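[1] Sequence and predicted model, in that order:
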Amino acid sequence: MNFDFSDEQKQMRDAARKFLAEKCPPKAVREVLDGKAPYDKALWKGLAEMGFLGVAIPEEFGGAGAGHLELCVIAEEMGRANAPVPFSSTVYLAAEALLLAGSGAQKQKWLPKIASGEAIGTLALFEGKGNPSPKAIKLQASGGTLNGVKKPVPDGAIADFAVVAARTGSTGRDSDISLFLVDLKAGGVETKSLTNVDPTRGQAELTFKNAKAEPLGAAGDGWSILTQVLDRAAVLLAFEQVGGSDRALEMGRDYALDRIAFGRPIGSFQAVKHILADMYVSATLARSNCYYGAWALSTNASELPEAAAAARISATQAFQHCSKNNIQVHGGMGFTWEFDCHMYYRRANATALTLGSLSYWEDQLIDRMRKKNAA
Amino acid sequence: MNFDDTPQEAAFRAEARAWIQANAPKQYEEELRKSSLGRTVLKGANILEVAKAWQKKKADAGWACLHWPKEYGGRGASPIERVIWQQEEGPFGKLSGMFIIGHGMCGPTMMAFAGEEQKRKYLPPLASGEKVWCQLFSEPAGGSDVAGLRTRAEKKGDDWIINGQKIWTSGAHYSDYGILLTRTDPTVPKHKGLTMFFLDMKSPGVEVRPIKQASGQSDFNEVYFTDVVIPDSQRLGAVNDGWNVSLTTLMNERMSIGAGVSTGFPELFDFCNSLMLEEGPAIEDRSVRSRLANYAVKASGLRYTSMRAISALSKGERPGPENSIGKLVAGSMVQEVAMYALDLQGAAGVLSGPEDAEVAGKFQAMLLRAPGTRVEGGTDEIMRNIIAERVLGLPGDIRVDKDVPFNQIPTKGR
């Protein structure tokens, strides 16, 4: 058994960590947080040059063709650095949808642009409050055009194209839903940035007015493709969450060693130690669930749906737990704009909702475990 | 990343599986599989006898204490082979419960500190389960603070005379031997005046009194020593170096990873699948699903954490203090799971008789046993200290008695 990343994959992690430490310090994250730029363009270009954007995209489509274990490794580092770039929407959602369901021509058109950093993509799924559900999709497709409103769409204001879930039938079944590819620069789509809890990864409202769209995958397959895309993205985003959890834990630990109160480092007080120990526990459980998810993703195992839900829940809980307690350990300083704690707290709580809420994934996990049990 | 055995591991697994298939006491398999924390009962059989017979059979065929050297009754197997054996032994492994202390802690301590002749005399019958050992460390005044113990050992000629009391001693009532930590010099700071021995539990002056636990069962004991004589040849390590000897014992506790800590989750999941609430099956209730999902990811997180540790083992790395999380997480989880399973039963959850309670009172037994799991082998708080200090590198607790001679440390309470 080798339930671990290989030495080569670990080397890639080291390279990514080193690169991000240099190109994406907290100062760079703050540029986006403070609204000076919608995302870090220089970092995005650098990630493309390093081959990180196309790490799981096959070579024939301009990627590195390394695979999904390698992408998991990169994802963890993106989370650790709190990178203010549209990585998750472009790479986990748009690229995965194309890889799963795109025609040869569609892959040829968009994947090389993703790998090279020329195109930002996203998935337009939600229409207001609620969780992923075929019933919640009202946006109408007919005659090759889309009409309706999507929000929130991650990185929707800066994306070049979107994979859009639309209604193509009225039978009340999942097969009423189909997916479409929309070139957001081609007209027919109005985009509006929305204020959100984590400005380092934007959210937008997209209004489609007779927007031209081409089908992605077969008509009526939309929901089944979406489910797979969300599962794959859940594993990848979970790695970002684990990276963020670890960083938040480190920040808390370092501060507890550094800060003196009552004549001793606060990390020598059992109450503080135990907060940090519990952060370690939740981050470790999440990491282990993520490793199983990575294995399932990279081998396309039948266990993927269950593994993805477990990784998603565990990593969401861990990142929320670690980021909030990092602030607690920092005390009053942790709650200031000046300290970096809130950037992780923001990211933790935004990513917790990006692919559907915790309660949605809890429901999914139990459904999937029941199915396996019945089988 | 893969779950495959190496060819060598696969061969070992096949051999182990075939032998277990041919030799395990299969008539008890179902009962053992179903038994959960707090209750392993074999109908119409004495579990001690069944356990001893299985252990003896394993020893005779070379499957006992796998990682021990052959000359002491083991097999000289690698740590990963030990894990494979545990996986294959499955529910029959639960029969090894009464040997855990002897095999996991006393044996390794004897191996590190006893003389060669003693090792050859005492270790093989320990490995084969013919002789059961216990560990006499904890005292009313020294639980988490092990070094605070007061049982005295005084030198008299070639012998030591022991007086004092131990507590929480698992299995002392059926043990043949024990390892014993004593105070030999009360005038120096507490860690510097301890000495380790092993002794025959049938020695005159040893009195074992079972403690009735909150669960109603009696797995632990108080052990009283009145002028018990131990020859100096049964001393383990140097006089006043007992603390270092005991660290060897305690570190070996951590080696027993991969045995699969009980979380109660599989039992709860099955229960929720079969339980009918007024509104329908429990598993279809939204709040039940949320709770279950939370337990599910903890249980799977622990399972895969242990797989990561096994991977490290198979690469020849030693398990570190990070493995403390298994006991910490599983301990409180099993307690929460038990409480939740009773809650789901409503008013009837209070009933614990096998005839009246759901699933034969399994969760009620789990509830009453669970508090002990969070204390024994290191409390939750000690586990958190271990993680904080040894994994995260935070400063140790302030110990005001560290440099004070033992007999000048104020003492009160138990």
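    Noted; the coordinates are in hand.

[2] CA-only coordinates of stretch B:128-136, as CSV, when you get a sec.
    In CSV, the C-alpha atoms belonging to stretch B:128-136 read as follows (Å, rounded to 0.1, in the frame of the first residue of the first chain):
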residue,chain,number,x,y,z
SER,B,128,1.3,-17.8,23.8
GLY,B,129,-1.3,-16.4,26.3
GLU,B,130,-0.5,-19.1,28.8
LYS,B,131,0.6,-16.4,31.2
VAL,B,132,-1.2,-13.1,31.4
TRP,B,133,0.6,-9.9,32.4
CYS,B,134,-0.6,-6.6,33.8
GLN,B,135,1.0,-3.2,34.2
LEU,B,136,1.1,-1.6,37.7
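
[3] which residues sit against that stretch?
    The contact list for stretch B:128-136 (Cβ atoms under 8 Å, 6 or more residues apart in numbering or on different chains) reads B:51-52, B:54-56, B:58-60, B:64, B:73, B:98-99, B:101-102, B:105-107, B:122, B:125-126, B:166, B:169-172, B:174-181, B:201, B:223, B:249. C-beta here means a position set from N, CA and C on the backbone, and glycine is covered the same way.

[4] Just want the residue of chain B that's nearest chain A.
    Chain B approaches chain A most closely through B:G301 (3.0 Å), counting by Cβ to the nearest Cβ.

[5] gap between the one helix or strand A:A248 maps to and the chain center?
    Here A:A248, judged by DSSP states H and E, is contained in helix A:222-258. In terms of Cα atoms, centre = their mean, to the nearest Å, the centre of helix A:222-258 is found 8 Å from the chain centre.

[6] Downstream of it, the next helix or strand is which one?
    Trace forward from helix A:222-258 with DSSP H and E and the next one is strand A:260-261.

[7] Any regions of chain B where pLDDT drops low?
    B:36-40, B:252-260, B:412-414 (pLDDT under 70).

[8] Next, please give the residue ranges for the helices of it.
    B:7-23, B:29-34, B:47-60, B:79-89, B:100-101, B:107-113, B:116-127, B:242-255, B:265-274, B:286-314, B:324-344, B:362-373, B:380-386 (DSSP state H).

[9] Go through those helices and name the closest to A:K324.
    helix B:286-314 (17.1 Å; Cβ to Cβ).

[10] And that closest one, what does it pack against?
    Contacts defined by 3 or more Cβ pairs under 8 Å, 6 or more residues apart in numbering or on different chains; DSSP states H and E place helix B:286-314 against helix A:270-299, helix A:304-330, helix A:358-374, helix B:79-89, helix B:265-274, helix B:324-344.

[11] hey, which of these is tucked in deepest?
    Mean neighbour count (mean count of other Cβ atoms under 10 Å in any protein chain shown) peaks for helix A:304-330 among those, with a mean of 27.

[12] Show me how far the next helix-or-strand element following it is from its chain's centre.
    Later in the chain than helix A:304-330, the nearest helix or strand by DSSP H and E is helix A:341-354. From the chain centre to the centre of helix A:341-354 is a distance of 11 Å (Cα atoms, centre = their mean).

[13] same for helix A:341-354, what does it pack against?
    Checked by 3+ Cβ pairs under 8 Å, 6+ apart, helix A:341-354 has helix A:26-33, helix A:222-258, helix A:304-330 packed alongside it.

[14] Columns distance to B:R235 and mean pLDDT on top of the ones you listed, output as a markdown table?
    Listed next are the helices and strands packed on helix A:341-354 as a markdown table, based on distance: least, Cβ to Cβ, whole Å; pLDDT from 0 to 100:
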| stretch | distance to B:R235 | mean pLDDT |
| --- | --- | --- |
| helix A:26-33 | 58 | 97 |
| helix A:222-258 | 41 | 98 |
| helix A:304-330 | 46 | 98 |
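
[15] can you list contacts of stretch B:361-381?
    Here stretch B:361-381 has contacts from A:270, A:274, B:34, B:36-39, B:144, B:168, B:170, B:213-217, B:253, B:264, B:267-268, B:271, B:324, B:327-328, B:330-332, B:334-335, B:337-339, B:341-342, B:349, B:351-354, B:357, B:386, using Cβ under 8 Å, 6+ apart.

[16] With stretch A:125-132 instead?
    With Cβ under 8 Å, 6+ apart, stretch A:125-132 has contacts from A:136-139, A:148-153, A:165, A:226, A:230, A:355-357, A:359-360.

[17] Where does the stretch 251-375 of chain A get nearest to chain B, which residue?
    Counting by Cβ to the nearest Cβ, the stretch 251-375 of chain A gets nearest chain B through A:L285, at 3.0 Å.

[18] okay, the angle between the strand ranked longest in chain B and helix B:362-373?
    Ranked by residue count under DSSP state E, the longest strand found in chain B is strand B:220-231. For strand B:220-231 against helix B:362-373, the angle by axes from the mean of the first three to the mean of the last three Cα atoms, to 10 degrees is 40 degrees.

[19] For the stretch 1-150 of chain B, which residues are neighbours of chain A?
    Residues of the stretch 1-150 of chain B lying near chain A by Cβ under 8 Å from any Cβ of the partner chain: B:M1, B:N2, B:F3, B:D4, B:D5, B:E9.
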